[in-house]
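> take this sequence and fold it.
(2 chains)
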Number of protein chains: 2
Amino acid sequence: MTPANATAAIIIVGNEILSGRTRDANACWLAQQLTKIGVLLRRISVIPDVRETIVAELNALRFTHDYVIICGGIGPTPDDVTRPAVAAAFGVPCEPHPEAVEILQRYYGERATPRRMSMAELPRGCELIYNPFSGAPGCRIDNVFVLPGIPDLVQGMFPQIAQVLRHGAWHECELRTQLGESEFADLMEAALGLFPGVDIGSYPSWQNHNWRCTLVFKSADAPTLQAAYAWFDDALTRRAQELGKPK
Amino acid sequence: MTPANATAAIIIVGNEILSGRTRDANACWLAQQLTKIGVLLRRISVIPDVRETIVAELNALRFTHDYVIICGGIGPTPDDVTRPAVAAAFGVPCEPHPEAVEILQRYYGERATPRRMSMAELPRGCELIYNPFSGAPGCRIDNVFVLPGIPDLVQGMFPQIAQVLRHGAWHECELRTQLGESEFADLMEAALGLFPGVDIGSYPSWQNHNWRCTLVFKSADAPTLQAAYAWFDDALTRRAQELGKPK
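Model (predicted):
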C-alpha cells in the first residue's frame, strides 16, 4: 500500500481575473507542476482582492489540505491586501521581515520609498521565498505558500516550493478511441468497480466533425493502473468489434 | 443611486483541470460575458468530479450569490456526476425530463442507447437550456445554470442564460502609466477615499525590460467614475512632473 498523495489547494487572488480582463495563467501551470510531483490538487478558488474574503478562504482551506498556494496581491498598491490578509488568517502581525527589508533596500537603493518597503511587511514567523527577477519576495507560513500574481515570477519561484513539498508517486496513462462515450460508459463503470484506487476520466473533444474520446487512467499504484489499462484496452477492442466500428 | 449589480459565482467541475491536463477556457470567457452585461463575478471554484463536493459547493454558493453557473460533468459516462449532484443539492430527484428525452431521441434516432438517454435525466422542475450543436441540453433550476464543459457548447448556450440574467450598469476605464506602482500608490489610496463606490486596480506588467502599469477604474455610477478618473489623471501628471519622469 503506497502512502496517500499529499493534497493541495490553490487560491488565485485577483479582481482582474474575475472581470475577465486577465486570463489567469498561474492555476493551470501550478496544477501541472503539482501533478508532476505527485501532489493531488483538489481545488482552485479565484477570489477578489478583499481582505475578509482572503482570510475566510485561507482558513477554510488550510486545515483541509496539506498545502495551500496563494497567488496575487502582494505588490505595493492599496489593492494589494494578500500579505496582511494571510497574517490575519494566522492571527499574527504583518510586520517588516528583516531579511526582506535588506533585500528590498539592496534592490531599490536610493529608490527605496516607504511604499516599496511595504512589500517587506510579511506575516510574523514566515520564511522567505526568494524572487529571482525583482526584489519583492514571497513567503511560506506553516503549510501556506504566498506568491505574486505575475506568471514569470510564479514560475521563477515555484522550484523553491517544490523542494519542500512532500512528493508522491502518481501514475497516469491515456487511451484514445473513436467510439462514443455512450458506447463504452458501461465498461468504465465495470473498470471502476474492478480496480479500486484507479480514477478513470473520459474527455470527449470535437475534431474534424467527429467526436474523439481520450480516457485518462490515474492511480498512486502502478501495477493496479497497468492492470486496469490492459483490461480496458482489451474490453474496448471487443466492444468495437461487436459494434463493427473502428476502435 | 443605481441599484446594486447582480452577483454571480462560477463552478468548474473537472478532474482534468485540477490535474493540469486541460486548461480551463470557460471561466475566463464567462467572466468576460458577465462583466459585459454588468453582472459582478465574485468567485470561481474549480472542483473535482465528486458528487458530495459538488453538492457542498453549490449549496455554499447558491444562497450567497444571485446566480451560479456550473460547467462540466453532464455527459453520459460514470465520471459525469454533475446532473445528479445538482438535483441532490436541491433535494429533488434526478429523473428523465420529457422534453430532453424527446430531443435526445430525435438527435440519436436508432443510436439512442440507455446510456445516451441518461443525459436526459435532470433535476425535477428544471428548465432546459438548449444545445445548438449536439443533443444533450443544459438546464436551469432556480438561480443555478448547468452547462457542459466543452467550450464550444458553453459559448453556444450562454446567450440563453444572458437573456434571463438581471443586467446591470457597469462602467470601466483604464489609465496607463510608466511610473512605478510605489510612485503612485498614495494617490490610489487618496482616490479610493475620495470616490467611494469606485474600485481602482493596479496591474503591472513587464514589457521590454520595463515595468508598465495599467490602472483600471470601475463603478456602477458613471459620473463618479469620470470624476475619479479625471482626478487621478491630473494627480498622476503632477506626480510625474515632480519626479522628472515621463508619465
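
> who's in contact with the helix or strand bottoming out on mean pLDDT in chain A?
The weakest-scoring helix or strand in chain A, judged by mean pLDDT, DSSP states H and E, is strand A:199-207 (a mean of 85). With contacts defined as C-beta atoms under 8 Å, 6 or more residues apart in numbering or on different chains, strand A:199-207 is touched by A:181, A:184-185, A:188, A:191-192, A:211-219, A:228, A:232, B:15-16, B:21-22, B:49, B:75, B:77, B:79, B:133, B:150, B:152. (Glycine included, C-beta is placed from N, CA and C.)

> 7 Å instead?
Residues outside strand A:199-207 that contact it (C-beta atoms under 7 Å, 6 or more residues apart in numbering or on different chains): A:181, A:188, A:191-192, A:211-219, B:15-16, B:75, B:77, B:79, B:150, B:152.

> also stretch A:115-123?
Here stretch A:115-123 makes contact (C-beta under 7 Å, 6+ apart) with A:74-76, A:83, A:86-87, A:90, A:92, A:94-97, A:100-101, A:104, A:108, A:136, A:139, A:141, B:182, B:185-186.

> and it, how far out from the chain's middle?
Computed by C-alpha atoms, centre = their mean, to the nearest Å, the chain-centroid distance of stretch A:115-123 equals 26 Å.

> endpoint to endpoint, it covers what distance?
Terminal residues of stretch A:115-123 lie 17 Å apart, using C-alpha to C-alpha, to the nearest Å.

> with stretch A:121-139 instead?
Stretch A:121-139: ends 11 Å apart by C-alpha to C-alpha.

> and that stretch, which residues are buried?
Neighbour counts over stretch A:121-139 (16 or more other C-beta atoms under 10 Å in any protein chain shown) mark A:121-123, A:126, A:128-129, A:131, A:134-139 as buried.

> okay, domains of chain A per the record?
Annotated domains of chain A cover A:7-164, A:171-243 [automatic domain parsing].

> now the buried residues of stretch A:121-139 in a markdown table, with pLDDT and secondary structure?
Conversion of the buried residues of stretch A:121-139 to a markdown table gives the following (pLDDT from 0 to 100; DSSP: H, G, I helix; E, B strand; the rest coil):
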| residue | pLDDT | secondary structure |
| --- | --- | --- |
| A:121 | 97 | strand |
| A:122 | 98 | strand |
| A:123 | 98 | strand |
| A:126 | 98 | coil |
| A:128 | 97 | strand |
| A:129 | 97 | strand |
| A:131 | 94 | coil |
| A:134 | 78 | coil |
| A:135 | 82 | coil |
| A:136 | 91 | coil |
| A:137 | 96 | coil |
| A:138 | 97 | strand |
| A:139 | 98 | strand |
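
> would you point out the most distant pair within these?
Largest separation among these by C-beta to C-beta: A:123 and A:134, giving 20.5 Å.

> closest one of the buried residues of stretch A:121-139 to chain B?
Distance to chain B across the buried residues of stretch A:121-139 (C-beta to the nearest C-beta) is lowest for residue A:134, with 8.2 Å.

> re the thing from before, for residue B:38, find the nearest of the domains of chain A.
Evaluated over the domains of chain A, closeness to residue B:38 peaks at domain A:7-164, with 11.2 Å, by C-beta to C-beta.

> any residue of the helix or strand where residue A:57 lies up close to chain B?
Assessed by DSSP states H and E, residue A:57 sits inside helix A:51-61. No - Helix A:51-61 lies apart from chain B when judged by C-beta under 7 Å from any C-beta of the partner chain; the minimum separation is 8.2 Å.

> angle of the next helix or strand after that helix against helix A:51-61?
As assigned by DSSP H and E, the chain's next helix or strand after helix A:51-61 is strand A:67-71. Strand A:67-71 and helix A:51-61 are oriented at 160 degrees to each other (axes from the mean of the first three to the mean of the last three C-alpha atoms, to 10 degrees).

> report all helices and strands that strand A:67-71 contacts.
On a contact count with 3 or more C-beta pairs under 7 Å, 6 or more residues apart in numbering or on different chains; DSSP states H and E, strand A:67-71 meets strand A:7-13, helix A:51-61, strand A:144-147.

> re the thing from before, the least confident helix or strand of chain A pairs with which strands?
Counting by DSSP bridges, the strands paired with strand A:199-207 are strand A:210-219 (antiparallel).

> so for residue A:111, what's the pLDDT?
According to the predicted model, the pLDDT of residue A:111 comes to 89.

> that older thread, list the buried ones in the least confident helix or strand of chain A?
Buried residues in strand A:199-207 (16+ other C-beta under 10 Å): A:199, A:200, A:201, A:202, A:203, A:204.

> between those residues, which is nearest residue B:27?
Using C-beta to C-beta, residue A:203 comes nearest to residue B:27 of the buried residues of strand A:199-207, at 17.4 Å.

> among the contacts of stretch A:115-123, which ones are buried?
Among those, those classed as buried by 16+ other C-beta under 10 Å are A:74-76, A:83, A:86-87, A:90, A:94, A:97, A:100-101, A:104, A:108, A:136, A:139, A:141, B:182, B:185-186.

> before we move on, back to that, show me what the helix holding residue A:57 is packed against.
strand A:7-13, strand A:40-47, strand A:67-71, helix A:82-90.

> Throw the buried residues of stretch A:121-139 into CSV and include distance to residue A:32, thanks.
As requested, the buried residues of stretch A:121-139 are exported to CSV (distance: C-beta to C-beta, whole Å):
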residue, distance to residue A:32
A:121, 32
A:122, 28
A:123, 28
A:126, 26
A:128, 25
A:129, 19
A:131, 21
A:134, 24
A:135, 28
A:136, 25
A:137, 24
A:138, 19
A:139, 23
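
> before we move on, the earlier item: of all the domains of chain A, which lies closest to residue B:239?
In terms of C-beta to C-beta, the element of those nearest to residue B:239 is domain A:7-164, at 12.2 Å.

> which residues does residue A:19 contact?
Applying C-beta under 7 Å, 6+ apart, we find residue A:19 in contact with B:31, B:35.

> and if we set it to 6 Å?
By C-beta atoms under 6 Å, 6 or more residues apart in numbering or on different chains, the residues touching residue A:19 are residue B:35.

> got phi/psi on it?
phi -90, psi -10 (degrees, to the nearest 10).

> can you check the one 4 residues further on too?
As for residue A:23, its main-chain torsions (degrees, to the nearest 10) stand at phi -90, psi 120.

> what's the answer for residue A:156, then?
Dihedral pair for residue A:156: phi -80, psi -30, per degrees, to the nearest 10.

> so which bits of chain A are right by chain B?
Residues of chain A found near chain B (C-beta under 6 Å from any C-beta of the partner chain) are A:15-16, A:18-20, A:23, A:28, A:31-32, A:35, A:41, A:43-47, A:75-79, A:113, A:115-116, A:181-182, A:185, A:188-189, A:201-203.

> quickly find the element holding the most centrally placed residue in chain A.
Compute the mean C-alpha point of chain A, and by C-alpha atoms, centre = their mean the closest residue is residue A:31, 3.6 Å away. Following DSSP H and E, the helix or strand that holds residue A:31 is helix A:26-36.
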